[in-house]
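> What would the 3D arrangement of this be:
(one chain, ligands or ions: 2)
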Amino acid sequence: GEINFKEEAKFSQHLKDKAEAVSDFAKSKSLSQQRQYLPIFTVRDDLLQVVRENQVVVVVGETGSGKTTQLTQYLHEDGYTTTGVVGCTQPRRVAAMSVAKRVSEEMETDLGDKVGYAIRFEDVTGPNTIIKYMTDGVLLRETLKDADLDKYRVVVMDEAHERSLNTDVLFGILKKVVARRRDFKLIVTSATLNADKFSKFFGGVPVFHIPGRTFPVNIMFSKTPCEDYVEAAVKQAMTIHITSGLGDILIFMTGQEEIEATCYALAERMEQLISSSTKTIPKLEILPIYSQLPADLQAKIFQKAEEGARKCIVATNIAETSLTVDGIFYVIDTGYGKMKVYNPRMGMDALQVFPVSRAAADQRAGRAGRTGPGTCYRLFTESAYQNEMLPNPVPEIQRTNLGNVVLLLKSLRVENLLDFDFMDPPPQENILNSMYQLWVLGALNNVGGLTEIGWKMVEFPLDPTLAKMLLMGEQLECLDEVLTIVSMLSVPSVFFRPKDRAEESDAAREKFFVPESDHLTLLNVYLQWKSNQYRGDWCNDHFLHVKGLRKAREVRSQLLDILKTLKIPLTSCHMEWDVVRKAICSAYFHNSARLKGIGEYVNCRNGMPCHLHPSSALYGLGYTPDYVVYHELVLTTKEYMQCVTAVDPQWLAEMGPMFFSVKETDTSLLDHKKRQKEEKTAMEEEMEKLRRQQAEAARMEKEKEREKR
Ligand code: ADP
Ligand code: MG
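Ligands and ions are numbered 1, 2, ... in the order given. All right, here's what the predicted structure looks like:
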């Protein structure tokens with residue numbers, strides 16, 4: 001879309017003073033003065049009063065008003081930490097880490113001492129910790145060990161408007177804790193105004209509003225739909241940088257790859273500009289932020305740009321409400337975001353790019369009006385905004401696989417999942433599907449209860465698939481090997497592939513290839529790193545991220561601790577790789593594919609096409625076995641299988657006969673199959689029963705309604 005840049009420049013010039021005033025503020029004021037400047041500070045005493053008088057309070061306030069960083073400290077100052085910990089949950093791990101760091105600075109304590117954080121596989125808290133930030137998933141797991149959460153005096157459920165899967169489950173669980181423990185307080189915070197739903201859920205508790213302090217944001221829609229939003233965003237950012245006055249830029253992209261591409265293009269464009277221009281071009285500090293970015297690089301977005309320079313932050317929707325950066329005057333919004341969605345056709349979750357909701361687009365625009373009046377450039381049309389975007393996002397619980405949730409609730413002895421107190425119950429189909437998958441993995445028995453394997457699986461902070469792989473490692477006596485594979489799969493990719501040294505790094509990666517398996521390739525990388533004394537320089541030489549490998553090592557040792565408490569011995573098959581592949585195979589029945597054409601696979605169960613990813617060892621070596629299993633499907637230009645292992649079809653038939661049959665008739669196999677078939681019928685009966693109960697409940701509900709009328 002064409003934008004009148006002259007007007008823009010004038011507008012920005014007008015803002016220049018303001019921007020300078022603001023950045024001077026951050027520079028010159030001490031942390032405690034900055035704390036007092038936040039909107040929440042003006043209502044501190046009233047807020048604490050309401051908390052004193054109520055067991056549950058909903059707090060609503062604009063992003064950046066100080067909810068996340070201040071509430072916990074106010075509670076501490078008001079004495080709650082003398083009798084327990086103040087916990088604060090975050091849907092995103094980056095937010096938990098970054099906010100804990102900030103609060104530890106404000107409280108002048110080391111991170112991990114009085115203030116700490118815990119995310120999966122990383123616990124930075126200690127015996128002195130009184131304020132603990134954590135992901136909602138971590139608190140959810142803590143309820144397994146301590147149903148009443150006795151160690152906590154107050155829990156702040158932050159960012160409730162996000163409606164993450166774990167937050168939604170926590171709602172139901174914490175409602176019970178509130179009823180059981182009179183000394184426990186719960187605060188639910190939300191950035192948006194539709195907090196009445198939360199209030200109602202807890203029986204009509206008070207909603208406390210933090211008065212906002214926001215500036216108008218000038219919204220510019222694109223006149224025509226945009227074909228390449230990375231390119232459009234880069235162009236827009238460059239235009240702002242050249243023609244507009246001070247103020248930082250925030251670009252919303254959907255994920256890591258796009259963010260990297262955008263940053264790369266921006267850097268390139270700046271270089272061209274500098275070399276071709278006679279004038280001096282002000283510096284542009286290009287800063288990516290996404291969840292898998294190393295913590296030290298994440299922290300950079302909060303640092304003020306150097307004198308005369310401008311920051312350009314390129315973010316996922318993490319910057320929508322979870323993280324607030326001051327000094328943003330320009331937002332460039334692609335209008336898209338990545339969401340995990342259960343795809344019933346594929347029978348699995350997939351990260352997919354979707355248009356964001358209108359509420360999310362408005363949140364994004366609002367980021368430009370935090371420190372002064374700003375501008376938001378939307379790379380979509382006004383008609384798309386009005387007609388194609390949903391008013392609000394769909395809660396995660398209604399759109400993803402519930403495997404972990406089902407496992408967890410079952411272990412909390414919630415016998416009938418349809419009875420659980422969900423704010424918005426998930427579609428019954430989702431529950432049943434997830435139960436079916438757990439049954440296939442052997443975690444549920446025929447009447448929908450946890451099996452011995454199921455009980456063990458709950459112990460691991462892993463997806464059911466990976467937990468199953470570990471336990472198969474136990475059964476097939478190759479646990480040592482499988483443990484390493486699972487750990488490597490739990491960290492971001494360890495392969496380093498800089499754009500300007502792509503060929504060199506690809507060659508380095510190929511040296512690790514195990515022809516029949518990406519999983520074994522990961523194992524191979526780890527083992528070689530180990531035999532090189534876990535050295536960092538060795539990683540650099542081989543284009544491997546040392547941080548990723550170290551993280552994998554840490555995850556491995558934590559999983560090993562859990563195995564020890566379960567008294568599961570660490571067996572090894574001494575690199576008999578077929579055995580390991582068999583264990584891998586057993587975890588991925590639902591992700592198996594058979595060769596159809598040249599390099600083309602189809603999912604064994606539903607015939608969906610899927611392809612080897614160019615980064616796969618199998619692809620690299622041109623090896624196309626008849627049957628493979630894969631870790632996950634990613635949808636980019638095609639459906640790509642990520643992390644693939646060649647398997648023997650016999651294994652699939654042996655271990656997942658409800659799905660597969662083999663041509664050769666082997667009677668023992670048939671008997672086995674028949675038995676499994678009977679079991680499937682039993683499970684289906686159970687499903688049928690669940691459906692009937694659900695229908696009955698719905699009928700009763702209707703009747704009640706009718707009686708009321
Ligand atoms: P809310 O939760 O209401 O959105 P926050 O408590 O997150 O608000 O933010 C309050 C202020 O603290 C903001 O001005 C934000 O920029 C600042 N802040 C938060 N985290 C950090 C950090 N890691 N580094 C520097 N400033 C931060
Ligand atoms: Mg917050």
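> rest of the way, CA atoms for contacts and neighbours
Will do.
> Return the set of buried residues in the one helix or strand Glu554 maps to.
Glu554 is located in helix 546-565, with elements delineated by DSSP states H and E. Using 16 or more other Cα atoms under 10 Å as the test for burial, helix 546-565 gives 546, 548-553, 555-560, 563.
> try stretch 391-399
Buried residues in stretch 391-399, counting neighbours by 16+ other Cα under 10 Å, are found at 393, 395-399.
> Following element in sequence after the helix holding Glu554, please.
Assigned by DSSP H and E, the successor of helix 546-565 is helix 577-587.
> Val59 belongs to a strand, doesn't it?
Yes: counting by DSSP: H, G, I helix; E, B strand; the rest coil, Val59 is found in a strand.
> Look up how far Lys300 lies from it.
Plainly put, Val59 is 29 Å away from Lys300 if you go by Cα to Cα, to the nearest Å.
> Which of those two has more residues huddled nearby?
Taking other Cα atoms under 10 Å, Val59 and Lys300 do not tie; Val59 has more neighbours (24 against 14).
> per-residue confidence for the more buried one?
At Val59, the pLDDT value in this model is 97.
> ok, now how distant is it from Lys410?
32 Å.
> Could you do Arg182 as well?
Counting by Cα to Cα, the separation of Arg182 from Lys410 is 26 Å.
> Comparing the two, which residue is more hemmed in?
Remark: of Arg182 and Lys410, Lys410 carries more neighbours, 20 against 9, as counted by other Cα under 10 Å.
> circling back to that earlier point, check the buried residues of helix 546-565 and tell me the two furthest apart.
Val546 and Leu563 (25.5 Å; Cα to Cα).
> Can you check my assumption that Gly442 lies in a helix?
No: with three-state DSSP as the criterion, Gly442 is located in coil rather than a helix.
> That one: how many residues sit nearby?
Close neighbours of Gly442, defined as other Cα under 10 Å, add up to 16.
> List the contacts of it.
The contact partners of Gly442, taken as Cα atoms under 8 Å, 6 or more residues apart in numbering, are 451, 453-454.
> Dump those into TSV; add secondary structure, pLDDT and neighbour count as well.
Listed next are the contacts of Gly442 as TSV, based on DSSP: H, G, I helix; E, B strand; the rest coil; pLDDT from 0 to 100; neighbours: other Cα atoms under 10 Å:
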residue	secondary structure	pLDDT	neighbour count
Thr451	coil	93	15
Ile453	helix	93	17
Gly454	helix	94	24
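> of these, closest to ligand 1?
Gly454 (37.6 Å; Cα to the nearest ligand atom).
> Quick check: the closest one touching Leu408?
No: using Cα atoms under 8 Å as the test, Gly454 is too far from Leu408 to be in contact (9.9 Å).
> Helices along the stretch 351-500 of the chain, start to end?
358-366, 382-387, 403-411, 428-440, 452-458, 464-475, 479-489 (DSSP state H, counting those that start in this stretch).
> Please report how far Thr192 lies from Ser65.
12 Å.
> Compare these two (neighbour count), which wins?
Higher neighbour count among Thr192 and Ser65: Ser65, with 23 against 18, using other Cα under 10 Å.
> give me phi/psi at Phe208?
phi -100, psi 130 (degrees, to the nearest 10).
> burial measure for it, as a count.
The tally of other residues near Phe208 (other Cα under 10 Å) stands at 18.
> In contact with it, which residues are there?
47, 57-60.
> okay but Tyr229 is in contact with Leu379, surely?
Yes: assessed by Cα under 8 Å, Tyr229 is found in contact with Leu379 at 6.9 Å.
> Tell me which of the two has more neighbours.
A count of neighbours by other Cα under 10 Å puts Leu379 above the other of Tyr229 and Leu379, at 26 against 19.
> Surely that one touches Val331?
No: between Leu379 and Val331 there is no contact under Cα under 8 Å: 10.5 Å.
> and the stretch 151-300 of the chain, which of its residues are near ligand 1?
Counting by Cα under 6 Å from any ligand atom, the stretch 151-300 of the chain comes close to ligand 1 at no residue.
> One more pass at 8 Å, please.
158-159, 191, 299 (Cα under 8 Å from any ligand atom).
> what does the stretch 301-450 of the chain give?
Applying Cα under 8 Å from any ligand atom, one finds that the stretch 301-450 of the chain approaches ligand 1 through 302-303, 321-326.
> If any of those are buried, put those into a ChimeraX selection.
To isolate the buried ones among these in ChimeraX, judged by 16+ other Cα under 10 Å, type:
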select :321,322,323,324,325,326
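> Quick check: the two most widely separated of the residues of the stretch 301-450 of the chain next to ligand 1?
For these, the farthest-apart pair by Cα to Cα is Gln303 and Thr321; their separation is 18.5 Å.
> residue closest to the middle of the protein?
Nearest residue to the geometric centre of the chain (Cα atoms, centre = their mean): Arg92, 6.1 Å.
> ok, that one - contacts?
Arg92 neighbours (Cα under 8 Å, 6+ apart): 135, 291, 318, 322.
> Let me see the ranges of the strands in the stretch 551-700 of the chain.
Using DSSP state E, counting those that start in this stretch, the strands of the stretch 551-700 of the chain run over residues 592-597, 600-603, 609-612, 627-635, 639-646.
> Show the low-confidence segments of the chain, by residue range.
Applying pLDDT under 70 to the chain flags residues 1-28, 193, 343-349, 656-698, 701, 708-709.
> how far away is Asp228 from ligand 1?
Using Cα to the nearest ligand atom, to the nearest Å, we find Asp228 at a distance of 31 Å from ligand 1.
> Quick check: the gap between that residue and Lys235.
For Asp228, the distance to Lys235 equals 11 Å [Cα to Cα].
> Compare neighbour counts for the two and give me the winner.
Lys235 (15 against 10).
> tell me which element the more buried one is part of?
helix 229-243.
> Can you list the helices and strands that that helix packs against?
Applying 3 or more Cα pairs under 8 Å, 6 or more residues apart in numbering; DSSP states H and E, we find helix 229-243 packed against helix 256-276, strand 328-333.
> right, and the ones you listed - which one's nearest Phe513?
Taking Cα to Cα as the criterion, helix 256-276 is the member of the helices and strands packed on helix 229-243 that comes nearest to Phe513, at 23.4 Å.
> which residues touch Met270?
Each residue near Met270 by Cα under 8 Å, 6+ apart is listed here: 238, 284.
> circling back: Produce a PyMOL select command limited to the buried residues of the residues of the stretch 151-300 of the chain next to ligand 1.
To isolate the buried ones among those in PyMOL, judged by 16+ other Cα under 10 Å, type:
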select buried, resi 158+159+191+299
